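S.K.: coordinates for the following, if possible.
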Amino acid sequence: MIEVDVNALDEAMAAGAPVIDVRESDEYAQVRVPGATLLPLSEFVARMDELPDVETLYLICAVGGRSLQAAQFLNQRGINAVSVAGGTDAWLQSGRAVERG
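M.R.: Below you'll find the predicted structure:
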């Protein structure tokens, strides 16, 4: 499984799973999933050592394309990572809380 929906993300976050946002900093500042950690895709490979050591990494972007790329990259390296289908847009449309600024 390489993609999950926002419901699965919500459940994982409730259980303490970290979320990595792979969008750029300007996008992250506009709106984001609460508690998401910014690690832009443009810096992802160079900063991989900053990723938390957890059972499953949840990755999110705007609509799911960049996070899917990052998840595939990590999975090829033996790290269990999943992309949130629909991304931050789907999270926002679901009416869930967001952070801004």
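S.K.: from now on I want contacts and neighbour counts done on CA atoms only, so please keep to that.
M.R.: Will do.
S.K.: longest helix anywhere in this protein?
M.R.: Determined from DSSP state H, the single longest helix within the chain is helix 65-76.
S.K.: quick one: buried residues of it?
M.R.: By 16 or more other Cα atoms under 10 Å, the buried positions in helix 65-76 come out as 65-72, 74.
S.K.: dump these to TSV, plus pLDDT.
M.R.: Shown next, in TSV, are those (pLDDT from 0 to 100):
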residue	pLDDT
G65	97
R66	97
S67	98
L68	97
Q69	96
A70	97
A71	97
Q72	97
L74	97
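S.K.: for E43, state which of those is nearest.
M.R.: Closest approach to E43 among those (Cα to Cα): A70, at 11.0 Å.
S.K.: wait, isn't the closest one in contact with P40?
M.R.: No. Contact between A70 and P40 fails when scored by Cα atoms under 8 Å: they sit 10.0 Å apart.
S.K.: find residues that contact each of these two.
M.R.: Common neighbours of A70 and P40 (criterion: Cα atoms under 8 Å, 6 or more residues apart in numbering): V22.
S.K.: hmm, who's touching the longest helix of the chain?
M.R.: With Cα under 8 Å, 6+ apart, helix 65-76 has contacts from 2-3, 21-23, 41, 44, 59-61, 80-84, 87.
S.K.: of all the buried residues of helix 65-76, which comes closest to R32?
M.R.: Of all the buried residues of helix 65-76, S67 has the smallest distance to R32: 13.8 Å, by Cα to Cα.
S.K.: can you give me the strands in this structure?
M.R.: Secondary structure of the chain by DSSP state E: the strands cover 3-4, 19-21, 37-38, 57-60, 81-84.
S.K.: show me what the mean pLDDT comes to for the first one.
M.R.: The reference is to strand 3-4. What strand 3-4 shows for mean pLDDT is 98.
S.K.: oh, and call the first residue 58 from now on, that's how I've got it
M.R.: Yep, numbering from 58; the last one is strand 60-61 now.
S.K.: redo the strands of the chain as JSON lines? Include distance to V88 and mean neighbour count.
M.R.: What follows is the strands of the chain, written out as JSON lines (distance: least, Cα to Cα, whole Å; neighbours: other Cα atoms under 10 Å):
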{"stretch": "strand 60-61", "distance to V88": "20", "mean neighbour count": "17"}
{"stretch": "strand 76-78", "distance to V88": "11", "mean neighbour count": "24"}
{"stretch": "strand 94-95", "distance to V88": "12", "mean neighbour count": "18"}
{"stretch": "strand 114-117", "distance to V88": "12", "mean neighbour count": "28"}
{"stretch": "strand 138-141", "distance to V88": "16", "mean neighbour count": "26"}
